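Visitor: Here's my sequence, what's the structure:
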Amino acid sequence: MTEAFQTALRLVFPPRCLLCGAQVDSDFGLCGPCWRDTPFIAGLTCDACGCPLPGEPGVERELCDACLANALPWSRGRAALIYRDNGRRIVLALKHGDRHDIVRPASLWMAQAAKPLLADGMIVAPVPLHWSRMMRRRFNQAALLGAAVARRTRCPWCPDLLVRHRRTAKLDGLGVAARHETLTGAIAVHRRRADRVGGRPVLLVDDVMTSGATLSAAAQALLARGATDVRILTLARVVKDD
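Guide: As a prediction, this is how the structure comes out:
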């Protein structure tokens, strides 16, 4: 009976592409043209931030110029999409369009990207929002993605491992140094969750990485409370045009 109901429901409401609304074969998918035009990250990537690099994957660890030039508090990182074109549309639809249906396919792409990052005893945690921003937005997109990634990777999940106890100005338009300065001391481990950090690695999840300032502040807070390693996973990575 359930199967018959689902068949009837599909006849009335056929699956639609997440981006353009065209009919597709399965729920939570992209049509052929939208899939083709979505900038998935594949091949050789920076091992620290996940941005694509020229060349073929090998056994050596490769880093992009930005990660070579800066000391990072996390050890490894990956992203599923480049933040442009359809990649940008997907992130903004989730973040500002209340498109929670995007979490399901996005978490699948992220879990695939995260395979090299997973380690024994790893706990998954999101980059936190300040409570005032949470009240206005009503949800933390990093937490939605992180919870789904944790289920797919079967890692323990701690949604409130970190807190943003100081509201910071928006980072849009700020340079790298200003972004890092703005976030200094803004994020800390929740005082009631400190026992979950010590002696274990953490997979830190966010929707987008731009300069890495927010992820750096979060990673530093985790390491200060005894995390053995921090690795980062984002849905999308901002990549500068050559």
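Visitor: which residue ranges form the helices in the protein?
Guide: Using DSSP state H, the helices found in the chain span residues 2-12, 32-36, 65-69, 85-96, 103-113, 131-137, 141-153, 176-183, 213-224.
Visitor: What average pLDDT does the second one get?
Guide: Average pLDDT, helix 32-36: 93.
Visitor: hmm, back to that, need the helices of the chain in a markdown table with distance to Arg167 and mean neighbour count, can you?
Guide: C-beta coordinates here come from the backbone N, C-alpha and C atoms, glycine included. Shown next, in a markdown table, are the helices of the chain (distance: least, CB to CB, whole Å; neighbours: other CB atoms under 10 Å):
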| stretch | distance to Arg167 | mean neighbour count |
| --- | --- | --- |
| helix 2-12 | 44 | 9 |
| helix 32-36 | 36 | 13 |
| helix 65-69 | 27 | 13 |
| helix 85-96 | 18 | 18 |
| helix 103-113 | 25 | 20 |
| helix 131-137 | 6 | 12 |
| helix 141-153 | 17 | 22 |
| helix 176-183 | 11 | 16 |
| helix 213-224 | 13 | 23 |
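Visitor: ends of stretch 151-163, how far apart?
Guide: 22 Å (CA to CA, to the nearest Å).
Visitor: Please point out which parts of that stretch sit buried.
Guide: By neighbour count on 16 or more other CB atoms under 10 Å, the buried set for stretch 151-163 is Thr153, Cys155, Trp157, Cys158, Pro159, Leu161, Leu162, Val163.
Visitor: So for Ala79, which of the helices of the chain sits nearest?
Guide: In terms of CB to CB, the element of the helices of the chain nearest to Ala79 is helix 103-113, at 6.5 Å.
Visitor: List of residues touching stretch 189-202?
Guide: 119, 121-125, 158, 160-163, 221-222, 224-231 (CB atoms under 8 Å, 6 or more residues apart in numbering).
Visitor: show me what contacts the residue found closest to Asp85 once you drop the neighbours it is linked to in the chain?
Guide: Of all residues not flanking Asp85 in the chain, Pro39 sits nearest, at 5.9 Å (CB to CB, 6 or more residues apart in numbering). For Pro39, the residues meeting the contact criterion (CB under 8 Å, 6+ apart) are Leu81, Ile82, Arg84, Asp85, Asn86, Gly87.
Visitor: List just the one of the helices of the chain that sits closest to Thr45.
Guide: Of all those, helix 103-113 comes closest under CB to CB, at 8.6 Å.
Visitor: Report the mean confidence score over the closest one.
Guide: 96.
Visitor: can you list contacts of it?
Guide: So helix 103-113 is contacted by 18, 28-30, 40-41, 50, 78-81, 90, 94, 144-145, 148-149, 151-153, 205, 233-235 (CB under 8 Å, 6+ apart).
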